[in-house]
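below are the sequence and a predicted model for it; my questions follow.
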Amino acid sequence: MNKSNLELVRECDSFPYYEDNRAVYTENLKKYHAFRVNGYDDTLGYILNSVVEKWPWPKEHWVIDSAAQTVTLTTPADATPEYRSQVVAESIAAAVKVDAFEVLRGWRNEKYPVYGPGGEFLLDMERYGAHMTCYVEDATGLKFWIPRRSKNKQTYPSMLDNTVAGGMCTNEKPFECIVREGVEEASLPESISRATIVARGCVTYSHIRDARAGGEIGLSQPEVEYVYDMKLDPSLIPLPGDNEVEEFNLLTVEEVREALARGEFKPNCAVVIIDFFIRHGLLTAENEPDFLDILSRLHRRLPYPLASH
């Protein structure tokens, strides 16, 4: 059965909304512990209860309050980001060593920033991302360069992706991230990328990982994805630059729509494609009955401290 555009957006933005159903939202929160850092009142994310129970928490740096359902990093309130990051890295390494979680078996130890109130940099751990859609345009209309993920990828193997996508490292700007990923993933010349890429805003969502993601199910994954477009000359053909992509195919608008409806796209990549369709007038209030719902769900207000890049 084909999936609607709204169903695809809901698949990605799957963490319940308090405003929609307070009972469902409250029941869902019971599955998680709130992650906090000593000296700050903000919740920085949610950790699945089963993960909290299995994690080998070093007691000198972590306090688990089962009644309040919180996990607190107890480094000094004036600790440096470098020190907090070191403690978190050591805690993750301990879990990797005992093979406590399937999701950590492919751990790449990449450094992503966590922010506190006012965009204060607290430590390295989480991620922002950048996604780019590359397309060509001729007399027959738009066509999209769509990669198929490697069948050996730990996450979402063999699913369809955006042309270029990746996580932003600490101190990396979104534009620099997408240029770098363009070279690494699609063999796009840096000079052409810098002259051609256009920033198109962001999509935001709060995802609950399912079986397709690989590893533990139910992990909470709130994300900000910076969105870029790149119109390519037909002579420039993206080619896999690493082992993350099997191949690139040039698909028509209708072929992309059909692949979306079949559920072939990685959930957040489907959202980025739908965002492109809206921005380019391919998806409108006239041809999409759920237009307003889709539009609002593409820009979820995340209840965590954020930083503007």
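Received it, and whenever you're ready, just let me know what you need. Residues are numbered from 1 along each chain as shown.

quick check: Ile146 is in a helix.
No - counting by DSSP: H, G, I helix; E, B strand; the rest coil, Ile146 is not part of a helix but strand.

what sits against it?
By Cβ atoms under 8 Å, 6 or more residues apart in numbering, the contact list for Ile146 reads Leu160, Asp161, Thr163, Phe248, Asn249, Leu250, Leu251, Val256, Ala259. Backbone N, C-alpha and C define where each C-beta goes, glycine included.

so which of those sit within helices?
Those of the contacts of Ile146 mapping onto helices are Val256, Ala259, per DSSP state H.

do you have the strands of the stretch 1-150 of the chain handy? List them.
Assigned by DSSP state E, counting those that start in this stretch, the stretch 1-150 of the chain shows strands spanning 32-37, 45-48, 62-65, 70-73, 113-115, 121-124, 129-138, 141-149.

partner strands of the helix or strand of the chain with the lowest mean pLDDT and their direction?
One helix or strand of the chain scores below all others by mean pLDDT, DSSP states H and E: strand 113-115, with a mean of 84. Listed by DSSP bridges, the sheet partners of strand 113-115 and their directions read strand 121-124 (antiparallel).

average pLDDT for the partner strand?
Average pLDDT, strand 121-124: 86.

coming back round to it: out of the contacts of Ile146, which are inside strands?
Those of those mapping onto strands are Phe248, Asn249, Leu250, Leu251, per DSSP state E.

determine the longest helix present in this structure.
Of all the segments of type helix in the chain, defined by DSSP H, the longest one is helix 81-97.

break this protein down into its domains, please.
Here the domain parsing of the chain from automatic domain parsing is 5-12+127-297, 22-124.

give me the low-pLDDT residue ranges for the stretch 1-150 of the chain?
Flagging of the stretch 1-150 of the chain using pLDDT under 70 yields the residue ranges 106-110, 125-127.

contacts only, for the closest residue in space to Ala186 that isn't next to it in sequence.
Excluding its sequence neighbours, the residue lying closest to Ala186 (Cβ to Cβ, 6 or more residues apart in numbering) is Pro238, at 3.8 Å. Counting by Cβ under 8 Å, 6+ apart, Pro238 makes contact with Cys134, Trp145, Pro147, Thr163, Ala186, Ser187, Leu188, Leu232, Phe248.
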